[in-house]
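*Asks:* turn this into a model:
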Amino acid sequence: MGKGKRYETEGQLNYQKVFAVIIAIVVIVMFIFIIKGVFSSTEATNENYEYFALYASNKWGVINQEGNIVIEPSYQEMIIIPDKTKDIFLCMYNINEETGEYETKALNSKNEEIFTDYEQIEVLENFDNNNNIWLEEGILRVKKNGKYGLIDLDGKEILPCEYDEITTLKGIENSLILTKDGKKGLANNKGNIIIEPLYKEIINLGETYKEGYITINEQDKYGLISTTKKQILENKFDEIKQIYLNNYYIVKENGVDKIINSSGEQILENLVNQVQSPTQRGFIIKENDLYGEVNSSGEKLIESKYQDLKEIKEGIYLAKQNDKYGIIDIHENIKVPFEYTEIAYNDKANLFIAEDINYNTSIFDQDYNKKIEGVLTELNTEKSYIRMRINDEYKYYNFNCEEKPNTEILTDNTLFLSKKDGKYGYVDKKGNVVVEYIYDDATEQNEYGFVAVKKDGLWGSLNSEGKEIIEPKYNLENNLLINFIGKWHLGEDLNMNYYCEK
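*Replies:* Predicted structure coming up:
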């Protein structure tokens with residue numbers, strides 16, 4: 001019986017197995033590259049970028065914190081960035097100058113349109129008495145079917161589009177006026193309704209939302225509601241004055257001014273028109289254009305003899321005499337002499353900051369000892385340091401007023417400003433010279449790694465390695481703050497917070 005033919009394997013390759021192994025290796029390699037690509041993509045996606053409005057070539061765009069253009073300058077109106085840590089950019093276009101009508105859209109960092117369900121998307125601007133502008137945090141006003149609502153910065157609806165208008169309560173954060181069917185209510189920035197739309201008008205009682213809100217009904221009667229929705233005073237008064245007095249209120253009832261508590265009990269009948277502000281012991285009053293202090297029974301605690309008087313911490317008063325400010329205690333002992341045009345207390349630093357007529361700053365500690373003199377350039381409560389310019393040099397101090405080297409204060413920096421023979425340069429953490437001493441003026445490294453340098457009256461920028469990004473070419477004499485991101489410098493109007501090139 002003949003034998004069947006067998007394949008000879010000894011000394012020869014099994015090509016089927018070889019091909020199988022090769023294919024397996026290729027698959028594994030591809031898998032590795034895919035996984036690597038996924039992680040690389042994830043890392044890129046999760047990189048913490050910050051964004052800023054850019055003005056270049058008479059158009060508006062967006063840059064990131066590296067100075068790279070994210071949205072090309074192509075818009076006529078400034079692009080608004082509600083939160084610099086999120087890639088949400090609000091653009092206004094198709095503006096009709098005659099009618100005031102315009103269109104809006106939101107873009108992300110890929111120049112893709114987002115939040116497309118709405119006819120209009122806008123930030124809510126607010127401003128204080130000094131016209132300092134801020135944006136209400138974490139929210140956008142949106143319009144749908146002709147009605148307004150609110151979304152958060154992730155696009156989640158937090159207040160339905162059912163209001164005729166949504167505006168800010170001027171000067172008061174976290175307080176949004178809602179108008180519906182001709183009546184007004186109030187919500188906070190989380191979309192919680194504090195006051196239902198039932199009133200003719202809503203105004204603030206004090207200087208923050210925490211003091212509560214005065215409501216005016218259709219009969220022009222005044223009441224008071226707290227930020228926790230509690231009805232403090234019924235709508236039965238002819239007026240409630242916008243003066244916060246802790247648990248007391250200045251009201252007008254039947255044509256008579258009164259100071260009452262939430263139970264309606266009356267105090268200080270003879271001084272009602274003189275009360276200015278509360279203190280821990282009672283009230284600041286004003287008599288014949290001079291200020292003093294009384295307790296809740298009307299007893300004089302400090303005679304009315306000061307041009308100004310405010311309690312800046314418990315038992316400590318900012319006072320003004322002969323057109324100069326000083327600090328006194330409850331016994332009118334002078335703690336800081338009456339020598340200054342302005343004095344402020346920083347509670348986080350527990351320091352008193354006094355400025356004289358020549359804009360020089362004196363810093364007093366909690367025991368009212370003068371510790372530092374110079375020109376204050378920064379008081380950073382987040383990192384707990386003070387930066388002063390003293391005899392044309394920058395010096396750093398902690399909140400104990402102890403001088404510290406900038407390498408100890410600015411721990412995240414790679415470059416540190418240094419001065420030698422009247423010129424500025426930069427050193428590293430070990431004191432090695434990185435940038436030669438060739439500049440007439442310079443700034444410390446900002447949080448994005450850039451420094452500004454001045455030479456022959458013009459400003460430019462260096463990167464975190466001390467390499468020149470843009471040669472000194474900009475005259476920035478009108479800029480209150482000198483700051484660069486890449487080749488772009490901060491604009492003159494700090495309220496707008498944009499970068500540009502001149």
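
*Asks:* tell me which element residue 438 falls in.
*Replies:* Under the criterion of DSSP states H and E, residue 438 resides in strand 433-439.

*Asks:* which residues are in contact with that strand?
*Replies:* 415, 418-421, 423-428, 453-455, 462, 465-466, 472 (CB atoms under 8 Å, 6 or more residues apart in numbering). From N, CA and C alone the C-beta is placed, and that goes for glycine too.

*Asks:* and that strand, average pLDDT?
*Replies:* Strand 433-439 comes out with an average pLDDT of 98.

*Asks:* before we move on, what about stretch 130-141?
*Replies:* The average pLDDT within stretch 130-141 is 93.

*Asks:* and for stretch 278-298?
*Replies:* So the average pLDDT for stretch 278-298 ends up being 96.

*Asks:* now do the end-to-end distance for it.
*Replies:* The straight-line separation of the ends of stretch 278-298 (CA to CA, to the nearest Å) is 13 Å.

*Asks:* same question, stretch 309-320
*Replies:* Stretch 309-320 has an end-to-end distance of 7 Å (CA to CA).

*Asks:* gap between it and the chain center?
*Replies:* Here the centre of stretch 309-320 is set off from its chain's centre by 27 Å, with CA atoms, centre = their mean, to the nearest Å.

*Asks:* tell me the mean pLDDT for it?
*Replies:* On average, stretch 309-320 scores 97.

*Asks:* now that stretch: buried residues?
*Replies:* 309-311, 316-320 (16 or more other CB atoms under 10 Å).

*Asks:* next: stretch 240-247.
*Replies:* Counting neighbours by 16+ other CB under 10 Å, one finds that the buried residues in stretch 240-247 are 240-241, 243-245.

*Asks:* do the same with stretch 166-173
*Replies:* Within stretch 166-173, the residues scored as buried using 16+ other CB under 10 Å are 166, 168-169, 172-173.

*Asks:* stretch 295-303 now?
*Replies:* 301-302.

*Asks:* can you tell me what sits against that stretch?
*Replies:* Stretch 295-303 is contacted from outside by 248, 267-268, 270-271, 281-283, 292-294, 309, 317, 330, 332, using CB under 8 Å, 6+ apart.

*Asks:* which one of the residues you listed sits closest to residue 117?
*Replies:* Nearest to residue 117 among the contacts of stretch 295-303 is residue 248, at 47.9 Å by CB to CB.

*Asks:* correct me, but the closest one touches residue 277?
*Replies:* No. Residue 248 is not in contact with residue 277 according to CB atoms under 8 Å; the separation is 11.2 Å.

*Asks:* looking at those two, which one has more neighbours?
*Replies:* Between residue 248 and residue 277, counted using other CB atoms under 10 Å, residue 248 has the larger neighbour count: 21 against 18.

*Asks:* so, low pLDDT: which residues of the stretch 51-200 of the chain?
*Replies:* Counting by pLDDT under 70, the stretch 51-200 of the chain contains no low-confidence residues.

*Asks:* ok, residue 80 to residue 206 distance?
*Replies:* From residue 80 across to residue 206, the span is 29 Å (CB to CB, to the nearest Å).

*Asks:* need the phi and psi values for residue 406.
*Replies:* Dihedral angles of residue 406 (phi, psi; degrees, to the nearest 10) stand at phi -60, psi -20.

*Asks:* swap in the one 3 residues further on?
*Replies:* According to degrees, to the nearest 10, the main-chain angles of residue 409 amount to phi -80, psi -50.

*Asks:* check contacts around it.
*Replies:* 383, 385, 396, 398.

*Asks:* that one and residue 433: what is the separation?
*Replies:* Shown here: residue 409 relative to residue 433, a distance of 20 Å by CB to CB.

*Asks:* buried residues, stretch 393-401. List them.
*Replies:* Using 16+ other CB under 10 Å as the test for burial, stretch 393-401 gives 394-397, 399, 401.

*Asks:* looking at the residues you listed, which is nearest residue 350?
*Replies:* Set against residue 350, the nearest of those by CB to CB is residue 399 (6.9 Å).

*Asks:* okay but the closest one is in contact with residue 383, surely?
*Replies:* No. Applying CB under 8 Å, one finds residue 399 not in contact with residue 383, separated by 10.2 Å.

*Asks:* any idea how many residues pack against residue 293?
*Replies:* Neighbour tally, residue 293, other CB under 10 Å: 23.

*Asks:* so what pairs up with it in the strands?
*Replies:* Counting by DSSP bridges, residue 293 is bridged to residue 284, residue 302.

*Asks:* longest single strand anywhere in this structure?
*Replies:* The strand that spans the most residues within the chain, counting by DSSP state E, is strand 370-380.

*Asks:* any chance you could map the helices in the stretch 401-502 of the chain?
*Replies:* 406-409 (DSSP state H, counting those that start in this stretch).

*Asks:* what's the nearest residue to residue 412 if we skip its chain neighbours?
*Replies:* Spatial nearest neighbour of residue 412, excluding adjacent residues (CB to CB, 6 or more residues apart in numbering): residue 447 at 7.7 Å.
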